[in-house]
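Asks: Need coordinates for the below:
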Amino acid sequence: MKIKKDFYKVSALELAPKLLGLNLVHNTKEGITKGKIVEVEAYMGTKDKAAHAYSGIPTKRTKPMFGEAGHSYVYLIYGMYYCMNVVANKVGKAEAVLIRALEPIEGIELMNNRREGKVLKQLCSGPGKLCIAMGINKANNEMDLSGNQLYIEDPKEKEEFVVEKSKRINIDYAQEAKDYLWRYTIKDSKFLS
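Replies: Alright, predicted model coming up:
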């Protein structure tokens, strides 16, 4: 069952661990790809020097972060890789959760083609990798995640797991924010970044 809008209307710190174990689904012309969310990072707007929206002023790039919860924020890094975030909280708060890694579940052959034959545990083991494997790009920016193309759903069977917290990755520029334990992972997952 697709996740309802109200689920996302909490702070990114509350939303991030709740996304673990849910499935990210992308329905494309080539087929459906699906992966279990195993690693995420919370970004807390003006309270977080690592957040794109730290200045509190929306830009063309960051506008989706200031928008409605339950929408996507997809952006380009290093001029070549897309990253996908889930917008949290309420309009104007500019909080989001970066999806860092997935465990591939469905459409693995399609993911494999997009990632040029990588081994299963490396298909979606990083934010750029998972966007390539899932076919997520700029066209998916600002999408309603309760729609029919790009969405998050409950798994058919809930499984028990332990959530681990750690420092976020590749944000050494963010002064004290680089030490916040705002990265959440499913303990012992083989699919982490």
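Asks: pLDDT at Val87, what is it?
Replies: pLDDT, the model's per-residue confidence, is 98 for Val87.
Asks: now do the one 10 residues further on
Replies: Per-residue confidence for Val97 comes out at a pLDDT of 98.
Asks: the helices in the protein, which residues?
Replies: 12-19, 108-114, 127-134 (DSSP state H).
Asks: Please enumerate residues in contact with the first one?
Replies: Under the criterion C-beta atoms under 8 Å, 6 or more residues apart in numbering, residues 7-8, 10, 37, 40-45, 86, 88-89, 95-97, 99, 152, 163, 182, 184 lie in contact with helix 12-19. Yep, even glycine has a C-beta here, placed from its N, CA and C like the rest.
Asks: do that again at 6 Å, thanks
Replies: Ile37, Val40, Ala42, Met44, Ala88, Glu95, Ala96, Val97, Val163, Tyr184 (C-beta atoms under 6 Å, 6 or more residues apart in numbering).
Asks: What strands line up against the strand ranked longest in the chain, and which way round?
Replies: The strand that spans the most residues within the chain, counting by DSSP state E, is strand 31-44. Strand 31-44 pairs in its sheet with strand 23-28 (antiparallel), strand 95-106 (antiparallel), strand 183-186 (antiparallel), by DSSP bridges.
Asks: mind listing what's buried in that strand?
Replies: Thr33, Lys34, Gly35, Lys36, Ile37, Val38, Glu39, Val40, Glu41, Ala42, Tyr43, Met44 (16 or more other C-beta atoms under 10 Å).
Asks: My understanding was that the first one contacts Met134; is that so?
Replies: Yes - checked against C-beta atoms under 6 Å, the pair Thr33 and Met134 is within contact range at 4.9 Å.
Asks: Need the overlap of contacts for the two.
Replies: In contact with both Thr33 and Met134: His26, using C-beta under 6 Å, 6+ apart.
Asks: Convert the C-alpha atoms of the longest strand of the chain to PDB, please.
Replies: The C-alpha coordinates for strand 31-44 follow below in PDB (Å, rounded to 0.1, in the frame of the first residue of the first chain):
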ATOM      1  CA  GLY A  31       9.400  -1.300 -16.500                       C
ATOM      2  CA  ILE A  32       9.100  -1.200 -12.700                       C
ATOM      3  CA  THR A  33      12.100  -1.000 -10.400                       C
ATOM      4  CA  LYS A  34      11.700  -1.400  -6.700                       C
ATOM      5  CA  GLY A  35      14.100  -1.300  -3.800                       C
ATOM      6  CA  LYS A  36      13.900  -1.500   0.000                       C
ATOM      7  CA  ILE A  37      15.200   1.600   1.700                       C
ATOM      8  CA  VAL A  38      18.200   0.600   3.900                       C
ATOM      9  CA  GLU A  39      20.100   3.900   4.300                       C
ATOM     10  CA  VAL A  40      19.000   7.500   4.600                       C
ATOM     11  CA  GLU A  41      20.200  10.900   5.900                       C
ATOM     12  CA  ALA A  42      18.200  13.700   7.400                       C
ATOM     13  CA  TYR A  43      18.800  17.400   6.400                       C
ATOM     14  CA  MET A  44      17.200  20.000   8.700                       C
END
